[in-house]
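**Q** Sharing a sequence plus its predicted fold:
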Amino acid sequence: MDESSIMKLVFGLLGGLALFIFGMRTMSAGLSAAMGDGMRTLLGKATRNRLAGLGLGTVIGGLIQSSASIVLFIGFINAGLMTFMQSIAPTLGANIGTTLSVQLISFKLSEYCLPAIFVGLMLHMVSKNRKFKYGGQAVLGFGLLFLGMVIMGDSIKPHREVFEPWLAHINGSTTTGLITGTVAAALITGVIQSSGAVIGMGFAMISAGAITEFEGIYPIIIGANVGTCVTGLLGSIGTTVDARRAALLHLVFNLVSTSLAIAAAPLFYKYAPLTSGDLIRQAANADTIKMTISALLLLPFVPLLGRLVEKLLPSRTEQPEPTFLNDRLLDRPEQAIYACLRELQRTTRICAHSLHLAAEEFIKHDHKRMQRIVVNEQSVNVIKVAMRSYLTQLTGHYLSKRQSILIEHIDRCMSDLERVGDHIANLNSIAKRQRGIAAARFGSEAVENWLSVHRAVAKLLDKVVESLDPETANFQEIAKEVIQLREEYNEASIAARNAHFQRMEEKGVTPIAGLIFNDYFSNFQRIAKHIKNIALAEQQPQFWLKREKLSKVMSNEAPGYSLPENIKPNDYLDKLQSDDYR
């Protein structure tokens, strides 16, 4: 091969692979977005039963791939919305689900890739309906991944003899070739973090005629399943030990599954060709059969599997509080509201912990600590979605006037806490940016000013934790203390800013350090503002619990409400255009 041919082959192969990966991620993101937050709610319910968890895990894995599914489960566990043991069955199912997307790829739909790209793009750009918009994104991704396969296949076809010596080493017809091929596929998948892409590359080689036997594609399939575990392991960095156990479980399952596949290779070589006359379809069928059998074999041993992983990754540290949002409390609205208050308190503790870590990160950088702040912020986001879903379900039950207003206050408090988490994460990002700019370094006096304001904000958050305790006799009284502490924060903030401006006037601070300092304090100010919003909500007359109602079961359905008639848009448009309105 001349240099020009080599370059054409390399860029065609790499470009097609990149397009395939981008298409698969676009398709998965579109399907996930089209489903919305309903997937999270369903997942929470399905974890109560192993078979339901396996089934829903299969659906999620089919939509967003097993590695992305595991990252989703890790986020749930880290946020306390799911336990490690509850995640095991969905994890097994997610691995089955991934093979369904491989089944989709195995159908020869390449001739439809360009129409799919056009239709998907138009739907995504033009449609105002959420499901159609993101469904269009999924169709666009579908077209792109097939276009990537076409490009890879067309690049390989004229030079397939170049690949023959390499493919001979990973051919599963021998034990050495089977193990070598499995390890090689696992390593490549670990690097690009997409089992679908590696299997898709194998399918492209079949289309190009470089692989002509089932034994040649089999090691690629089973090795890719192991390599995809890298995504979950990386996503678990900085999370709780149970979240890391979920990532380890994914690896353990795939190692067991791959070991069984290696042992059963002669059976697959004999019977997989009977499932279809097409080699690509045979490979996809073998992948689904292998993963389904492995998951069903291990499903009865979920507790044993969980204990094995706990022994492999032991921990003496106490696990974070689990969620208090229990669907079984929904027919007892006062108890459900009590649970929501405890969930608010738990979320505030997460924010308070992150704020403490942000101060340590400001003083001295530590990658694990920085990652922990990021993970905590993501956990707060997940809790907010779960809280909104829970409150929405609660509105379907009979609620008193006080309860109806109180859950609105709870919803606003949760939104404020989510923003607090965002601003704490911003402090982390600013510290990272500051470390990269030598001229932005603070002197000892500026550091002391920073810490004085941080201490004042930390006191505010600690008091909010206390104020949100549903066992408290009077929310309003503690909320008043929060307002008073905010005045102390204001004094500390004004003093720190005045000292900063004095340093600026004396040219004791560089301009870039001044901008960084201002950025820090803007986020402190916003944190304090959202804390004040929570305290003001707690001071409202409806913010209290009726203890005698805690055990009272109410009607399952809300009473009928008389809905207002539809407005006449033109009446209001005329008002907006009138001189009086302007």
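**A** Structure's in. What do you need?
**Q** Beyond the lowest-mean-pLDDT helix or strand in the chain, next helix or strand please.
**A** Least confident helix or strand, the chain: helix 38-46 with a mean of 60, by mean pLDDT, DSSP states H and E. Downstream of helix 38-46, the next assigned helix or strand under DSSP states H and E is helix 50-64.
**Q** any idea of the mean pLDDT in that following helix?
**A** Mean pLDDT, helix 50-64: 84.
**Q** gap between it and the chain center?
**A** 16 Å (Cα atoms, centre = their mean, to the nearest Å).
**Q** Put the alpha carbons of that helix into CSV.
**A** Coordinates of each C-alpha in helix 50-64 appear next as CSV, following Å, rounded to 0.1, in the frame of the first residue of the first chain:
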residue,chain,number,x,y,z
ARG,A,50,-36.2,-8.3,40.9
LEU,A,51,-38.0,-9.2,37.8
ALA,A,52,-39.5,-5.7,37.4
GLY,A,53,-36.0,-4.3,38.0
LEU,A,54,-34.5,-6.7,35.4
GLY,A,55,-37.2,-5.7,32.9
LEU,A,56,-36.9,-1.9,33.3
GLY,A,57,-33.1,-2.2,33.3
THR,A,58,-33.4,-3.9,30.0
VAL,A,59,-35.5,-1.1,28.6
ILE,A,60,-33.1,1.6,29.9
GLY,A,61,-30.0,-0.3,28.7
GLY,A,62,-31.6,-0.6,25.2
LEU,A,63,-32.2,3.2,25.1
ILE,A,64,-29.0,4.6,26.6
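**Q** Just the buried residues of it, please?
**A** Across helix 50-64, burial judged by 16 or more other Cβ atoms under 10 Å covers 50, 52-64. (Glycine included, C-beta is placed from N, CA and C.)
**Q** now do stretch 383-393
**A** 383-387, 389-391.
**Q** which of these lies closest to Gln502?
**A** Gln502 has its nearest neighbour among the buried residues of stretch 383-393 in Lys384, at 40.3 Å by Cβ to Cβ.
**Q** Quickly note the distance from that closest one to Arg412.
**A** Distance, Lys384 to Arg412, using Cβ to Cβ, to the nearest Å: 11 Å.
**Q** Now the element after the host helix or strand of Leu357, going C-ward?
**A** Using DSSP H and E, Leu357 maps to helix 333-363. The first helix or strand that comes after helix 333-363 along the chain, using DSSP H and E, is helix 367-394.
**Q** How about the contacts made by the spatially most central residue of the chain?
**A** Geometric centre of the chain, nearest residue: Leu72, 4.3 Å, by Cα atoms, centre = their mean. By Cβ atoms under 8 Å, 6 or more residues apart in numbering, the contact set of Leu72 is 60, 64.
**Q** so where does it fall, helix or strand?
**A** Using DSSP H and E, Leu72 falls in helix 66-78.
**Q** angle of that helix against helix 367-394?
**A** With axes from the mean of the first three to the mean of the last three Cα atoms, to 10 degrees applied, the angle from helix 66-78 to helix 367-394 works out at 80 degrees.
**Q** just checking, what packs against the helix or strand following helix 66-78?
**A** Next helix or strand after helix 66-78 toward the C-terminus (DSSP H and E): helix 84-106. The contact analysis (3 or more Cβ pairs under 8 Å, 6 or more residues apart in numbering; DSSP states H and E) places helix 84-106 against helix 50-64, helix 66-78, helix 130-156, helix 195-208, helix 241-263, helix 279-298, helix 302-312.
**Q** tell me the mean pLDDT for the very next helix or strand once past the fifth one?
**A** What that stands for is helix 241-263. Where DSSP H and E defines the elements, the next helix or strand beyond helix 241-263 is helix 265-271. For helix 265-271, the mean pLDDT works out to 93.
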